[in-house]
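Peer 1: build me a model:
(one chain, ligands or ions: 1)
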Amino acid sequence: MNRLYNALQLKRLYQLKHLGFRYVPMIQKRTGASTVLPDDLQSLRNMVSDCMLCGLGKSRTKPVFGEGDPHASLMFVGEGPGAQEDTTGRPFVGRAGELLTKMIENGLEIPRSSVYIANIVKCRPPNNRVPTPEEAYTCLPYLMKQIEIVAPKVIVALGATAYHYLTGDKSGISKVRGEVIDRGSYVLVPTYHPSYLLRNPSAKKEVYQDLLKIKRLLCENC
Ligand code: URA
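Peer 2: Numbers count the residues shown, from 1 in each chain. Alright, predicted model coming up:
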């Protein structure tokens, strides 16, 4: 809850910065995040579809809110939509998405529809560049709210960008992959992004180990 609140505060500061303010003192008392963002996925999705809070809103075709089981125990978080995601409005539907689907269906042996999939930013960064900190922090409250609503037991951070913005830690992904990080209401497991695996197939064996670990985590107390 604190993380969501902080992310919302940061988002407000970025909004004000967009309006031209350079320094903004904290003028709003803590009133609870749910008064700002809706507590159901459909209303949140509607809000995202109208969002123009950062520059990515101007260049996107469709925002990519996320999809999957709204009660999933397992959530995957990627970096941001690519070209095919931007056209379809669905996460991970391109080549990286095909590999992610195989990781879920062959590695974890569960249907893709049983997990929830989202991204750090909801709109495609031009030329698939890494989202800027401003874009990421502006968009992050939406993801925090999705996490709060779906309430997964395990979140898999796909790649360095997802790991960095979910934790605040700038460690490289090869250093932290496979760790099980207690985040209070869920555990976070960072692993390589499927796009990285497409370029470096030899890293698939490490991801396979991570998938085995994730499978065990999901089965604890099940
Ligand atoms: N890469 C991502 O990080 N997210 C997507 O949705 C697709 C590709």
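
Peer 1: pull out the buried positions in stretch 85-93.
Peer 2: E85, D86, G89, R90, P91, F92, V93 (16 or more other C-beta atoms under 10 Å). (Each C-beta comes from the backbone N, C-alpha and C, glycine too.)

Peer 1: residues touching the residue of the chain found nearest the ligand, list them.
Peer 2: Residue nearest to the ligand within the chain: G78 (2.8 Å; C-beta to the nearest ligand atom). When contacts are counted by C-beta atoms under 8 Å, 6 or more residues apart in numbering, G78 touches P91, F92, A96, L100, I117, A118, N119, I120, L158, G159, A162, H193.

Peer 1: please apply the same query to P131.
Peer 2: Contacts of P131 (C-beta under 8 Å, 6+ apart): L56, E79, G80, I120, V121, P125, C139, T161.

Peer 1: nearest spatial neighbour of the last one, chain-adjacent residues omitted?
Peer 2: I take that to be T161. Once flanking residues are discounted, T161 sits nearest to E79: 4.1 Å by C-beta to C-beta, 6 or more residues apart in numbering.

Peer 1: would you confirm that that neighbour contacts A157?
Peer 2: No. Using C-beta atoms under 8 Å, E79 is not in contact with A157, being 9.7 Å away.

Peer 1: which element, helix or strand, includes V77?
Peer 2: Element membership for V77 (DSSP states H and E) is strand 74-78.

Peer 1: Provide the strand pairings for that strand, with the direction of each partner.
Peer 2: Counting by DSSP bridges, the strands paired with strand 74-78 are strand 116-119 (parallel), strand 154-158 (parallel).

Peer 1: tell me the helix or strand right after that strand.
Peer 2: helix 83-88.

Peer 1: contacts for the next helix or strand after that next one, please.
Peer 2: Using DSSP H and E, the helix or strand that follows helix 83-88 in sequence is helix 95-102. Contact with helix 95-102 is made by 76, 78, 82, 84-85, 91-92, 112, 117, 158, 193-195, 197-198, as judged by C-beta under 8 Å, 6+ apart.

Peer 1: can you turn the buried part of those into a ChimeraX selection?
Peer 2: The buried residues among the contacts of helix 95-102 can be selected in ChimeraX (16+ other C-beta under 10 Å) with this line:
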select :76,78,82,85,91,92,112,117,158,193,194,195,197
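
Peer 1: picking up where we left off before, nearest to L44, of the contacts of G78?
Peer 2: Using C-beta to C-beta, A118 comes nearest to L44 of the contacts of G78, at 10.8 Å.

Peer 1: so what's the nearest residue in space to the closest one that is not next to it in sequence up against?
Peer 2: Excluding the flanking residues, the one nearest A118 by C-beta to C-beta, 6+ apart is G66, at 3.4 Å. Contacts for G66 (C-beta under 8 Å, 6+ apart) come out as P91, Y116, I117, A118, N119, K122, Q146.

Peer 1: quick one, phi/psi of G66?
Peer 2: Note on G66: its backbone torsions stand at phi 130, psi 160 [degrees, to the nearest 10].

Peer 1: near the ligand, which residues of this structure?
Peer 2: 64, 78-82, 85, 91-92, 96-97, 119, 195 (C-beta under 6 Å from any ligand atom).

Peer 1: could I get those residues as CSV with pLDDT?
Peer 2: Shown next, in CSV, are the residues of the chain next to the ligand (pLDDT from 0 to 100):
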residue, pLDDT
V64, 98
G78, 98
E79, 98
G80, 98
P81, 98
G82, 98
E85, 98
P91, 98
F92, 98
A96, 98
G97, 98
N119, 98
S195, 98
